[in-house]
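> all I have is the shape, not the residue letters:
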């Protein structure tokens with residue numbers, strides 16, 4: 001059993017939050033290392049002389065922060081994998097495409113993760129008003145919609161949906177489930193669309209019920225939303241990508257010139 005203190009029942013801070021504070025400190029100080037199992041609910045309840053429901057609330061706080069994960073039938077463990085570090089200034093570098101790596105694969109590997117993608121759906125659809133505005137096409141114009149879910153070390157961390165004008169995708173692997181080495185940006189450039197730059201809009205919110213199920217998230221965990229538009233050298237939008245990321249699974253790093 002960890003060397004834990006006792007809660008202060010006279011404190012204004014709820015006792016379950018005090019328990020969460022003590023466990024969090026153990027994790028942050030390295031006394032509980034990545035992959036270590038936390039004491040069971042019954043052990044913690046006995047130590048603090050609290051109900052298991054109170055302990056459950058404390059553990060839920062740590063889950064919401066992304067510090068611990070539950071494994072059915074085994075217990076609660078300190079999250080083993082560090083966040084995926086998303087290097088905004090590097091992830092779309094042409095050298096990654098030329099090496100046959102799409103952006104997520106490149107950044108996940110740099111962060112020490114095993115990357116994978118599943119639940120891929122591809123098909124044509126009429127552009128919604130927002131997509132049409134971003135792609136500078138008419139509302140209802142045909143676009144290819146590509147939806148997929150990304151995993152790091154087997155755990156869902158992101159789902160993304162791309163929209164590509166029909167004339168850009170036609171006759172390329174962008175229409176297929178497997179886009180081939182380097183992803184859709186490599187296929188665009190092979191077709192003569194030289195990428196120039198990307199514009200990203202980042203915000204945060206709580207996930208929808210569908211997003212929470214898809215990303216296997218605990219209640220109370222927020223998501224990062226990122227909408228990216230890719231442009232060619234003629235300033236034409238080639239793709240809009242709407243991404244939802246599990247907030248605690250990512251660190252977003254930006255390099256900004258001081259000019």
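Everything's here; your move. Remember, it's a predicted structure, so these values are computed and weren't measured experimentally. Numbers count the residues shown, from 1 in each chain.

> tell me which residues of whichever helix or strand residue 146 is part of are tucked away?
Here residue 146, judged by DSSP states H and E, is contained in strand 142-152. Of all the residues in strand 142-152, those buried under the rule 16 or more other Cβ atoms under 10 Å are 143, 144, 145, 146, 148, 149, 150, 151, 152. Bear in mind the C-beta positions are built from the backbone N, C-alpha and C, glycine included.

> how is this structure partitioned into domains?
Domain assignment for the chain by automatic domain parsing gives 15-78, 84-253.

> can you tell me which of the ones you listed is nearest to residue 7?
Closest approach to residue 7 among the domains of the chain (Cβ to Cβ): domain 15-78, 4.5 Å.

> how long is that closest one end to end?
21 Å (Cα to Cα, to the nearest Å).

> chain center to it: distance?
Relative to its chain's centre, domain 15-78 lies at 23 Å (Cα atoms, centre = their mean, to the nearest Å).

> tell me the mean pLDDT over stretch 127-146?
Mean pLDDT, computed over stretch 127-146, is 98.

> what of stretch 234-253?
pLDDT averaged over stretch 234-253 gives 93.

> ok, stretch 25-43 next?
Average pLDDT, stretch 25-43: 91.

> and it, what's buried?
Counting neighbours by 16+ other Cβ under 10 Å, stretch 25-43 gives 26, 27, 32, 36, 38, 39, 41 as buried.

> adding distance to residue 2, write the domains of the chain out as TSV.
As requested, the domains of the chain are exported to TSV (distance: least, Cβ to Cβ, whole Å):
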stretch	distance to residue 2
domain 15-78	6
domain 84-253	23
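
> hang on, isn't residue 16 packed against residue 54?
Yes - look at residue 16 against residue 54 with Cβ atoms under 8 Å: they come within range, at 4.9 Å.

> who's more crowded, the two?
Taking other Cβ atoms under 10 Å, residue 16 and residue 54 do not tie; residue 16 has more neighbours (21 against 17).

> now, among the buried residues of stretch 25-43, which is nearest to residue 104?
Within the buried residues of stretch 25-43, the smallest distance to residue 104 is 27.2 Å, found for residue 27 (Cβ to Cβ).

> any figure for the gap between the closest one and residue 68?
8 Å (Cβ to Cβ, to the nearest Å).

> okay, and the common contacts of the two?
Taking Cβ atoms under 8 Å, 6 or more residues apart in numbering as the criterion, residue 27 and residue 68 both touch 62, 78.

> and the residue lying closest to residue 249 once chain neighbours are set aside, what are its phi and psi?
When the adjacent residues along the chain are set aside, residue 249 lies closest to residue 157, with 4.1 Å between them (Cβ to Cβ, 6 or more residues apart in numbering). Per-residue torsions, residue 157: phi -130, psi -10 (degrees, to the nearest 10).
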